[in-house]
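[1] prediction below, plus the sequence it came from.
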Amino acid sequence: MHFGTETGKIQAMKASTSLLARQPVGLSLRAPHLADLFALAPALGFVEVRASDIGALDGVPLASLKDLAARWPLAVQASEIGLSGEIGLVERPLEELERAGGLHLRRLSLPLTPERDPGALAAVVEVIQSHVGQPVLLELGQHADALADTLKLADLARQTRSRLTLEPDRLLAQAVNRVRHSPSAPSSERLRWQRATALVLDTVWSLPPSLVGQIRVGGFRETELPRPPSPAQGADRSQRVSPSGWALLRQTLEHLGPVPTALAWDSDLPGLAVLLDEVRLASELMAEVGADGEEALELDD
């Protein structure tokens, strides 16, 4: 088998389907990979799509999404909405879900940025949960401060009986950025990463396992980040997951247990075989920490 060729990579992915089928590890799908995904039909724990793509998926018709849902459990990441207490602001994700009529969603993850009025935020989440008839997942919006806002979002999840989509890579990218530009930053890059990882684990270990319903993770550029650091500086998800990223995911899973995990790649997309290899590595990691895939998938119901 020549793994260096695209055909060889696909053959290698097919050889790993037995492992993939046993673990709750899925793929955060991007439209350029859709045709290859249908052709290969790997045994994934689930497929995640962005709700802003529903009905179009960068030009792909709704029929293809129904085909996706028929082959794999389907998770949806809704459009981000800047919740400021106005119930009307939930209309966009609800309209997106209406366009997906008839699709059975395994999970719905709602990006938002915690703001001043927790009661108003809770009301909006309750409206959406009432509409979809199941608890939703809450995740941080694009401009949220991940290190500062994750625990705020956890409080909102407790209040609304929802759960979180946790993004350890995003927490790590922001923590590294913060440590590197701290006046007390260690001179050693290794010590900076250790301190950044400790910051992230302080947050992860503060979360009860029952409160996290999904993990989304990818690789990011680990070179020096721009100055001054942005509070919302996060992972660009343009790389394979690094050894530091896998180590953090291992520690996260050891604390949380068999949480369904989506591998994401948002920019500079490689071939699908590369992403499926990342899924394979995550599946192996989950098996090593003793996560039972069948049990984990039942957490969604």
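    Here it is on my side, so go on.

[2] phi first, then psi, for the closest residue in space to residue 125 that isn't next to it in sequence.
    The shortest distance from residue 125 to any non-neighbouring residue, by CB to CB, 6 or more residues apart in numbering, is to residue 160 (4.5 Å). Quick note: C-beta positions are derived from backbone N, CA and C, even for glycine. The phi/psi pair for residue 160 (degrees, to the nearest 10) reads phi -100, psi 0.

[3] now swap in residue 221 and tell me
    Residue torsions, per degrees, to the nearest 10, at residue 221 are phi -70, psi 130.

[4] my guess is it meets residue 239, correct?
    Yes - taking CB atoms under 8 Å as the definition, residue 221 is a contact partner of residue 239 at 6.1 Å.

[5] quick revisit: could you count how many residues lie near the residue nearest to residue 125?
    20 (other CB atoms under 10 Å).

[6] just checking, it touches residue 123?
    No - counting by CB under 8 Å, residue 160 stays clear of residue 123, with 9.1 Å between them.

[7] next secondary structure after the host helix or strand of residue 198?
    Under the criterion of DSSP states H and E, residue 198 resides in helix 189-204. Moving toward the C-terminus from helix 189-204, the next helix or strand (DSSP H and E) is strand 212-217.

[8] relative to helix 189-204, how tilted is that next one?
    160 degrees (axes from the mean of the first three to the mean of the last three CA atoms, to 10 degrees).

[9] contacts for strand 212-217 next, please.
    Residues outside strand 212-217 that contact it (CB atoms under 8 Å, 6 or more residues apart in numbering): 28, 48, 75, 107, 109, 135, 137, 139, 163-169, 241, 245, 249, 252-253, 256, 259-264, 282, 299-300.

[10] how about a cut-off of 6 Å?
    Residues outside strand 212-217 that contact it (CB atoms under 6 Å, 6 or more residues apart in numbering) are 107, 137, 163-169, 249, 256, 259-262, 264.

[11] ok, now stretch 259-271?
    6, 24-28, 30, 32, 48, 212, 214-216, 218, 236-238, 275, 278-279, 282, 296.

[12] PyMOL command for the buried members of the residues you listed?
    The following PyMOL line selects those of these that are buried, judged by 16 or more other CB atoms under 10 Å:
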select buried, resi 24+25+26+27+28+30+48+212+214+215+216+218+237+275+278+279+282+296
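
[13] what are the ranges of the strands in the stretch 101-250 of the chain?
    Secondary structure of the stretch 101-250 of the chain, counting by DSSP state E, counting those that start in this stretch: strands at 105-112, 137-140, 163-166, 212-217.

[14] mind putting those into JSON lines with distance to residue 151?
    Below are the strands of the stretch 101-250 of the chain laid out as JSON lines (distance: least, CB to CB, whole Å):
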{"stretch": "strand 105-112", "distance to residue 151": "15"}
{"stretch": "strand 137-140", "distance to residue 151": "11"}
{"stretch": "strand 163-166", "distance to residue 151": "10"}
{"stretch": "strand 212-217", "distance to residue 151": "12"}
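
[15] which one of those strands lies closest to residue 188?
    Shortest separation from residue 188 across the strands of the stretch 101-250 of the chain is recorded for strand 212-217, at 25.6 Å, computed as CB to CB.

[16] and the closest one, which strands flank it?
    Using DSSP bridges, strand 212-217 pairs in its sheet with strand 163-166 (parallel), strand 261-263 (parallel).

[17] returning to what we had before: nearest approach to residue 154 belongs to which of the strands of the stretch 101-250 of the chain?
    strand 163-166 (6.2 Å).

[18] can I get that closest one as CSV, trimmed to CA atoms?
    Once non-C-alpha atoms are left out, strand 163-166 reads as follows in CSV (Å, rounded to 0.1, in the frame of the first residue of the first chain):
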residue,chain,number,x,y,z
ARG,A,163,-24.6,21.2,27.7
LEU,A,164,-21.4,22.6,26.2
THR,A,165,-19.4,22.1,23.1
LEU,A,166,-15.8,22.4,24.4
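
[19] endpoints of stretch 195-215, how far apart?
    22 Å (CA to CA, to the nearest Å).
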